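In: 3D, please:
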Amino acid sequence: MDLLLWRHAEAVDGSPDHTRELTARGHKQARKVAAWLDEHRPKQLKILVSPTVRTRQTATAFTDSFQVVPSLGPDGNVADLLAATGWPDASGAALVVGHQPALGRLAALLLAGQEADWTIKKGALWWFTNRVREGESQTVLRAVIPSDFA
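Out: Next up is the predicted model:
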């Protein structure tokens, strides 16, 4: 299975939190990463998005075909992300457009074996894959695409 974690692009400050929109810079970040993703997208990609405006706007830079998952909102956690995606046992690939700190905590779990307060920068995409070698399940970091490098 492939798991892609895409933190929403830069959004305006303010409240209510769920209605914050992307800034002009955020729209540019989302378009750049979406263009990279369009060239490298895995097959059978399902796209799961937090219900916030900023995550839906980020995802829309890539596609209009995504599923809004309430548990992936700003208060979501690693267990919510794992449940929504089916990692590592589901087939195909899942792209989650979501929030800190859950995305960073999941990245830490996948790479270091325990949750920790890692930061995924706004607009960045982290791509993981799971494989079995000699009977052992392994997590591989395939790519990290910062929004300013895409």
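In: in the longest helix seen in the chain, what's buried?
Out: As assigned by DSSP state H, the longest helix anywhere in the chain is helix 24-40. For helix 24-40, a neighbour-count test (16 or more other Cβ atoms under 10 Å) marks 26-34, 36-37 as buried. In this view, the C-beta of every residue, glycine as well, is placed from N, C-alpha and C.
In: which is the next helix or strand following that helix?
Out: strand 45-49 (DSSP states H and E).
In: So what touches that next one?
Out: 2, 4, 55-56, 59, 62-63, 65-69, 72, 84-85, 92-98 (Cβ atoms under 8 Å, 6 or more residues apart in numbering).
In: Direction included, what does it pair against?
Out: Strand 45-49 sits in its sheet next to strand 67-68 (parallel), strand 93-98 (parallel), going by DSSP bridges.
In: how about these in JSON lines, adding mean pLDDT and distance to Thr119?
Out: Listed next are those as JSON lines, based on pLDDT from 0 to 100; distance: least, Cβ to Cβ, whole Å:
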{"stretch": "strand 67-68", "mean pLDDT": "98", "distance to Thr119": "25"}
{"stretch": "strand 93-98", "mean pLDDT": "98", "distance to Thr119": "13"}
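In: if we can go back for a sec, what is the orientation angle of the longest helix of the chain with strand 45-49?
Out: Going by axes from the mean of the first three to the mean of the last three Cα atoms, to 10 degrees, helix 24-40 is angled at 160 degrees with respect to strand 45-49.
In: these two touch, right, Thr129 and Leu4?
Out: No: contact criterion Cβ atoms under 8 Å: Thr129 and Leu4 do not qualify, at 9.6 Å.
In: Which one's more surrounded, those two?
Out: Between Thr129 and Leu4, Leu4 has the larger neighbour count (other Cβ atoms under 10 Å), namely 24 against 17.
In: Which residue, neighbours along the chain excluded, lies closest to that one?
Out: Once flanking residues are discounted, Leu4 sits nearest to Leu95: 4.2 Å by Cβ to Cβ, 6 or more residues apart in numbering.
In: for the most centrally placed residue in the chain, what are its contacts?
Out: In the chain, the centroid-proximal residue (Cα atoms, centre = their mean) is Leu5; its distance is 2.3 Å. Applying Cβ under 8 Å, 6+ apart, one finds that Leu5 lies in contact with 81, 96, 98, 103, 106-107, 120, 125-128.
In: If anything else comes up later, I'll come back, but that's it for now.
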